[in-house]
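*Asks:* with the input below, show me the fold.
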Amino acid sequence: MTADQLPPGSRNKLLNAIQYLSNPYRFYEKAFVRYGDTFLFVGPNGPVVLTRDPEHAKVIFTLDTSQIEIYPEEGVDFVMGKHSVLVMTDDRHRRERKLLSPPFHGARMRAYGATMQKATREEMKTWRVGEVVDFQRAMQRISLSVIAQAVFGLSDPEEAQRAQRLSVSYMESLNPLILFFPSLRKDHFGITPFASIHRSRRALEEVLEEQIRRCRTRAPGEDILSLMVSAHYDDGSTMSDEQIRDELFTLLLAGHETTALGLSWMFYHLYQNPETLVRLRSELTALGEHPESEVIAQCRYLDACAHESLRIYPIVGEVFRRMRVPLQLGPYTIPAGFAVSVSAIGVHHNPAIYPDPETFRPERFLERKFSPFEFVAFGGGTRRCIGAAFAMYEMKLVAQEILSHCELKPANAKPIRPAMRGPTFGPKGGVPMQIVRLNLQGEHHAS
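*Replies:* Model (predicted):
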């Protein structure tokens with residue numbers, strides 16, 4: 001393999017890691033200007049070819065599962081569990097995905113609309129006019145409440161709160177340094193941050209295992225856990241408790257995080273752009289007082305606002321694959337063993353795709369339809385996020401519920417920037433919003 005077959009880029013592992021971890025958006029901005037739309041990044045987890053070129057993204061996303069492996073496998077494994085669909089490849093991945101897909105499509109998914117709206121109203125009941133609410137935390141509480149009911153079938157408030165508390169604790173234990181540097185993944189007598197992750201994970205696993213045992217002894221419900229317990233593969237076999245536990249882990253962590261952070265950014269951008277907020281409110285007001293969830297989900301400008309929020313600050317910055325075989329990527333030949341990545345940050349901020357990419361402008365999603373290789377907030381190809389439709393549905397219903405009953409204003413005049421939260425990106429310092437007006441259950445309160 002000669003050097004001129006690889007893209008240009010930096011091979012300084014430590015410098016690359018420091019620059020990426022300190023400010024990923026700034027790192028990409030400089031790297032794409034310096035090296036072009038596809039470049040080589042050598043980091044602690046090995047060499048990665050990163051791209052924001054939609055043609056190269058298409059090549060990567062249309063790879064057959066037999067050609068790729070998970071990257072970084074050890075990192076994904078210890079975060080989600082070895083039985084998670086996120087770490088599976090080949091026929092095993094296709095088999096698992098087929099079994100898990102039904103709850104996230106069609107009537108099954110739409111049945112959760114009332115749960116999403118109820119969770120939002122319950123959260124709003126805790127707010128008071130004049131107080132400042134961190135919308136990142138508030139959206140997290142709503143999303144976790146939805147998962148507790150829709151995924152686990154938890155109706156007991158104490159049990160639901162316990163699961164939510166342990167989920168938050170686990171997510172906050174995922175230090176980006178540990179994900180980025182494999183050498184830090186050591187226990188050392190239980191006193192390291194890595195050991196703390198394992199303790200947090202085990203506490204949450206015990207809750208999930210308890211729910212699985214209960215589910216196997218009760219009458220089947222409409223929650224996703226019940227569907228997993230009763231589901232059968234094509235050969236008639238069923239999922240083991242360990243498989244279900246790790247899939248629940250994946251749904252709990254990947255599911256709530258994307259939605260909660262996406263909503264946080266959405267409210268931040270709406271209240272930074274008053275004209276956008278006025279237009280969205282006008283669309284929602286036209287629906288009447290009690291619109292059906294399906295009617296809300298069809299609102300075009302609401303949909304555009306949700307997409308633009310995930311476009312400007314994608315929750316997951318990279319979509320990785322490790323090559324089992326050499327890959328031809330335009331003029332470059334990527335050796336087997338190298339990783340390739342469609343950079344969601346890079347693609348979504350590529351001015352050739354999105355002119356004036358730093359500007360929040362939902363209208364761009366009304367003016368044209370972007371391909372699956374130009375909008376990649378949920379990944380792509382055969383490994384696209386299984387819960388993407390569920391997340392978008394929840395974002396729209398929650399936003400409509402809040403905007404129909406509340407008036408807010410930013411509590412912090414300073415711009416809010418993204419920061420790494422383990423494997424995801426979220427608003428640094430949260431999104432503080434002051435409650436100006438509340439109108440719940442027909443009562444109107446004003447400051």
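*Asks:* lowest confidence element among the helices and strands of this protein?
*Replies:* Ranking every helix and strand in the chain by mean pLDDT, DSSP states H and E puts strand 443-446 at the bottom, with a mean of 42.
*Asks:* quick one: contacts for residue 404?
*Replies:* By Cβ atoms under 8 Å, 6 or more residues apart in numbering, the contact set of residue 404 is residue 284. Just so you know, the C-beta spots here come from the backbone N, C-alpha and C atoms, and that holds for glycine as well.
*Asks:* checking it next. Helix, strand or coil?
*Replies:* Using DSSP: H, G, I helix; E, B strand; the rest coil, the structure places residue 404 in helix.
*Asks:* if I look at it, how far off is residue 413?
*Replies:* With distances taken as Cβ to Cβ, to the nearest Å, residue 404 is found 26 Å from residue 413.
*Asks:* any buried residues in the helix or strand hosting residue 283, and which?
*Replies:* For residue 283, the host element (DSSP states H and E) is helix 274-285. Across helix 274-285, burial judged by 16 or more other Cβ atoms under 10 Å covers 276, 277, 279, 280, 283, 284.
*Asks:* can I get those in a markdown table with distance to residue 150 and pLDDT?
*Replies:* Converted to a markdown table, the buried residues of helix 274-285 look like this (distance: Cβ to Cβ, whole Å; pLDDT from 0 to 100):
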| residue | distance to residue 150 | pLDDT |
| --- | --- | --- |
| 276 | 30 | 97 |
| 277 | 29 | 97 |
| 279 | 31 | 98 |
| 280 | 26 | 98 |
| 283 | 26 | 98 |
| 284 | 23 | 97 |
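*Asks:* could these go into CSV alongside distance to residue 394?
*Replies:* Below are these laid out as CSV (distance: Cβ to Cβ, whole Å):
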residue, distance to residue 394
276, 21
277, 20
279, 22
280, 17
283, 18
284, 16
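*Asks:* farthest-separated two in those residues?
*Replies:* 276 and 284 (12.6 Å; Cβ to Cβ).
*Asks:* overlap in contacts, those two.
*Replies:* Common contacts of residue 276 and residue 284 (Cβ under 8 Å, 6+ apart): none found.
*Asks:* which residues touch residue 440?
*Replies:* 121, 124, 125, 405.
*Asks:* the third one: how many residues sit nearby?
*Replies:* By the measure other Cβ atoms under 10 Å, the count of residues near residue 125 is 11.
*Asks:* what do you get for the first one?
*Replies:* Using other Cβ under 10 Å, residue 121 has 14 neighbouring residues.
*Asks:* ignoring the adjacent residues along the chain, who's closest to it?
*Replies:* Closest residue to residue 121 apart from its sequence neighbours, by Cβ to Cβ, 6 or more residues apart in numbering: residue 401 at 6.6 Å.
*Asks:* show me what contacts the one you found?
*Replies:* Counting by Cβ under 8 Å, 6+ apart, residue 401 touches 117, 120, 121, 124.
*Asks:* now, which of these sits nearest residue 259?
*Replies:* Residue 259 has its nearest neighbour among those in residue 120, at 11.7 Å by Cβ to Cβ.
*Asks:* secondary structure element holding the closest one?
*Replies:* helix 113-124.
*Asks:* still on that earlier bit, closest to residue 28 among the buried residues of helix 274-285?
*Replies:* Of all these, residue 28 sits closest to residue 276, with 25.4 Å by Cβ to Cβ.
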